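# Sequence first, then the predicted structure:
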Amino acid sequence: MLPVPGVELGVAAAGIKNPGRKDLLVIRLAPGAAVAGVFTQNRFCAAPVTLSKKNLKNDIRALVVNTGNANAGTGADGIRRAAQVCEALAGHIGCETDQVLPFSTGVIMEPLPAERIVAALPKALLDKGGWLPAAEAIMTTDTVPKAFSKKARLSKGEARITGIAKGAGMIRPDMATMLGFIATDARVTRKDLQAILERAAGRSFNCISVDGDTSTNDSLILAATGAGPEAAKKDLPVLEAAVTDVARYLAQAIVRDGEGATKFVTVRVERGRSEAECRKVAYAIAHSPLVKTAFFASDPNLGRILAAIGNTGVDLGKLNLYLDDSIVATGAGRHPAYREEQGVAALKKPEFTVRAVLNRGRAQATVWTCDFSYDYVRINAEYRT
């Protein structure tokens, strides 16, 4: 992973849930860094989300992230404990408490062990780790760390972009993913950075679903340290494209690592009347447990896919449905040329595409999802034990 000038990373073991596991991450930012964020739209949002949204208007100097405890459903006490962590970190690095953004992920409705986090902060600040250890420190049910880097060639030099994310279940973002942190050394105004992040999230994290559940803690942060080249107005599209590439890679990595997932599925809806209509159809397919379990079994149960689309209220009269390159249904029925073995062959692959052509307009949308396996039930049944 490419280091980003102006960003310091450190991890430590706070013993939040599993003794000895490195479950605490501190991200320090150079003075003057611009920071943008997007957060869950779940009204049952976690205490750190509430506090981060409030603090984001300030000049941010540090982010503190813990895993093992979501600090969600904890009321005023959760806010107090998150603020206690921010205050302690601010004291260590010499900034104001409201210049720190807190993030948590893990079990919901358990008190945050703030005293353990506070005790581990000095170790995290002494650690000079990189992006990969940082990605490992924020994992919960993830099986692999998620990190990616890219360079953007701007008019005044080359900017670096590196990001990490965590998430494998409770994934149906309404802004971002469970947790994602991207940094660049480009010099960008906060206003431009926020616009870049919102559009990048819309083309990446807002296009994935593992199980259709929006997390209480979804947060995506983009920081620009200004330690590298300035992004002039003409450079902003180049920088945005690179940030979007990083965000899309991380978002797809979450789907590939979906809890118990064995298949990575692209759902593409074309020729709809609006992008919103296309997204509605795509998510109807991506969210259906009946469709997702059929994917796991490599069973081309076309009735399940058509029923999911039909639930959106979209007219299926002109529909053409494809599994990879094979047309399998037209209108509301099986295509005359389709043979079952074609569908089986497509769904047996670890990656395949479901394409629905509505023939109602010119809009399109793409969503990435996965199958439901036996392990998804096991992982979530055992999550708190």
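All right, it came through fine. Residues are numbered from 1 along each chain as shown.
# List the buried residues for stretch 46-63?
For stretch 46-63, burial by neighbour count (16 or more other Cβ atoms under 10 Å) applies to 46-53, 55-56, 60-63. (Glycine included, C-beta is placed from N, CA and C.)
# now do stretch 346-361
By neighbour count, with 16+ other Cβ under 10 Å as the criterion, the buried positions of stretch 346-361 are 346, 347, 352, 353, 354, 355, 356, 357, 358, 360.
# List the residues that contact the closest residue to the fourth one other than its chain neighbours.
Read that as residue 353. With sequence-adjacent residues excluded and distances taken as Cβ to Cβ, 6 or more residues apart in numbering, residue 353 is closest to residue 266, at 4.4 Å. Remark: with contacts taken as Cβ atoms under 8 Å, 6 or more residues apart in numbering, residue 266 is in contact with 351, 352, 353, 354, 366, 367, 368.
# The buried residues of stretch 346-361 in strands, which ones?
The strands, defined by DSSP state E, take in 352, 353, 354, 355, 356, 357 from these.
# dump the residue contacts of the second one.
In this case it means residue 353. 265, 266, 267, 268, 322, 323, 324.
# rewinding a little: closest to residue 71 out of the contacts of residue 266?
Distance from residue 71 was checked for each of these by Cβ to Cβ. The minimum falls on residue 368, at 28.7 Å.
# Hey, what's the angle from the helix or strand hosting the closest one to strand 351-357? Just curious.
With elements delineated by DSSP states H and E, residue 368 resides in strand 363-370, which encompasses its position. Strand 363-370 runs at 150 degrees relative to strand 351-357, counting by axes from the mean of the first three to the mean of the last three Cα atoms, to 10 degrees.
# Give me the contact list for strand 363-370.
Outside strand 363-370, the residues that touch it by Cβ under 8 Å, 6+ apart are 207-210, 251-252, 255-256, 258, 261-275, 277-279, 282-283, 285-287, 292, 295.
# try it again with 6 Å
The contact list for strand 363-370, computed with Cβ atoms under 6 Å, 6 or more residues apart in numbering, reads 207-210, 252, 255, 258, 261, 263, 265-270, 272, 274-275, 278-279, 282-283, 286.
# Could you list the buried residues of the strand or helix carrying residue 163?
When secondary structure is defined using DSSP H and E, the element that contains residue 163 is strand 157-166. Along strand 157-166, these residues count as buried under the neighbour rule (16+ other Cβ under 10 Å): 159, 160, 161, 162, 163, 164, 165, 166.
# where does this protein have low pLDDT?
Within the chain, the stretches with pLDDT under 70 are 168-177, 211-215, 383-385.
# If we use 50, what do you get?
175-177 (pLDDT under 50).
# Check the gap between the most far-flung residue of it relative to its centre and residue 345 for me.
Within the chain, residue 336 marks the point farthest from the mean C-alpha position, 40.2 Å out by Cα atoms, centre = their mean. In this structure, residue 336 and residue 345 are separated by 19 Å, where distance is defined by Cβ to Cβ, to the nearest Å.
# Mind putting the ones in strands among the buried residues of stretch 346-361 into TSV with distance to residue 124?
Putting these into TSV (distance: Cβ to Cβ, whole Å) gives the following:
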residue	distance to residue 124
352	42
353	42
354	43
355	46
356	47
357	51
